[in-house]
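What follows is a predicted structure for the sequence shown.
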Amino acid sequence: MSVRLRKLSYALGAEVCDVDVAKPMSERQFGEIYQAFLDHGILLFRNQDITRERHIEFSRRFGELDRHEALPRDRHPDYPELLMVTNEPKPDGSPSDTKYTGRQWHSDMSFTTAPSLGSLLRSYAVPEVGGDTLFANMYLAYHTLSEGMKKLIAGLHGVHLSGTRKLANDNTGIDRMHEQKKLNPPVAQPVVRVHPETGRKALYIGEKVKRFDGMTEEESRPIIEFLVRHATRPEFVYRHPWRKNDILAWDNRCVMHQALGDFDETQLRHMERTTVLGTWSGYIIT
């Protein structure tokens with residue numbers, strides 16, 4: 001029986017209907033799911049009330065999993081394959097290290113030597129309203145650029161830095177920022193990436209890119225800001241309203257995303273993410 005899909009938006013995304021990832025899945029069925037992953041960029045699995053072990057097991061079908069050594073504060077204490085994204089305070093009452101994770105346009109782990117192939121994020125608790133995530137189709141972003149802009153950026157490498165952008169009400173991340181600088185030196189990634197499986201070109205940019213290699217921040221900033229603004233035009237974006245027990249899988253090689261903070265932060269927003277390792281295509285900046 002073929003997998004049934006429902007499109008999520010014009011730009012990208014599909015819901016995989018009537019599939020329980022906790023149940024055994026044939027290679028043929030998973031092959032259809034993985035092809036849909038390549039075709040649509042995002043896959044949604046609703047009502048997945050599963051264990052952490054099953055989340056990890058299903059994720060491994062997409063590839064080798066990151067143990068998140070680049071983000072030691074953020075991973076689950078018992079499951080290094082799971083990255084916590086939560087505003088739940090720590091046992092001592094101090095704020096969560098991941099309270100503001102993802103509040104800028106980015107591709108997961110772009111600041112590492114193994115930028116992510118894909119991510120599978122599961123929602124455990126969501127606020128009454130808000131806390132959605134935006135996703136942008138980076139194939140469309142690239143292909144709608146002018147030929148002149150494509151020529152300008154063809155050989156550029158963006159310098160990606162780890163760490164979350166400091167927010168006006170965020171006093172939690174100073175130590176974490178210093179730790180991240182030591183763990184993850186700046187890396188340069190091509191601004192235009194050829195997807196290794198589809199062969200299609202996509203923009204690889206985001207707000208973790210501070211400059212282009214060989215250029216100053218001042219010179220780079222107008223181009224970076226234009227590319228991010230262009231890539232996140234409404235017609236290229238899907239906005240996901242989370243429900244409890246959603247699993248959302250996305251292809252970081254052609255999709256960029258941003259978590260929104262438009263919710264009551266006294267309400268719990270708790271999610272856990274597996275990260276599928278990708279291939280190295282850039283270089284470390286020394």
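Now that the structure is in, tell me what you want to look at.

For the residue nearest in space to the middle of the chain, give me its contacts.
The C-alpha lying nearest the average C-alpha coordinate of the chain belongs to residue 108 (C-alpha atoms, centre = their mean; 4.0 Å). Residue 108 makes contact with 115-116, 119, 252, 273, 275, according to C-beta atoms under 8 Å, 6 or more residues apart in numbering. C-betas here are computed from N, CA, C, even on glycine.

What are the boundaries of the helices in this protein?
27-40, 52-59, 138-143, 147-153, 174-183, 217-231 (DSSP state H).

just so I know, which of these lies nearest residue 20?
Residue 20 sits nearest to helix 52-59 of all the helices of the chain, at 9.9 Å, using C-beta to C-beta.

what sits up against that closest one?
21-22, 50, 65, 76, 79, 81-82, 120, 122, 247, 272, 274, 276.

among those, which ones are buried?
21, 50, 65, 79, 81-82, 120, 122, 247, 272, 274, 276 (16 or more other C-beta atoms under 10 Å).

Sort out for me which of these are in strands.
Members of the buried ones among the contacts of helix 52-59 lying in strands (criterion: DSSP state E): 120, 122, 247, 272, 274, 276.

Quick one: residues contacting the second one.
Right, residue 122. Residues in contact with residue 122 (C-beta under 8 Å, 6+ apart) are 48, 50, 55, 245-247, 271-273.

same deal with the first one?
Contact partners of residue 120, counting by C-beta under 8 Å, 6+ apart, are 55, 58-59, 62, 247-249, 273-274, 276.

buried subset of those?
Burial by neighbour count, 16+ other C-beta under 10 Å: within the contacts of residue 120 this picks out 55, 58-59, 62, 247-249, 273-274, 276.

what's the neighbour count on residue 56?
Residue 56 is flanked by 18 other residues according to other C-beta atoms under 10 Å.

Leaving out chain neighbours, which residue sits closest to the residue nearest to the centre of the chain?
Counting by C-beta to C-beta, 6 or more residues apart in numbering, residue 108 lies nearest to residue 116, which is 4.2 Å off, once chain neighbours are set aside.

looking at the helices of the chain, which is closest to residue 266?
With C-beta to C-beta as the measure, helix 174-183 is the member of the helices of the chain nearest residue 266 (22.7 Å).

Surely residue 191 touches residue 158?
Yes. Applying C-beta atoms under 8 Å, one finds residue 191 in contact with residue 158, separated by 5.2 Å.

hey, what's in contact with both of the two?
204-205, 212.

Now residue 99: closest residue in space, sequence neighbours ignored.
Residue nearest to residue 99 in three dimensions, not counting chain neighbours: residue 87, with 4.7 Å by C-beta to C-beta, 6+ apart.
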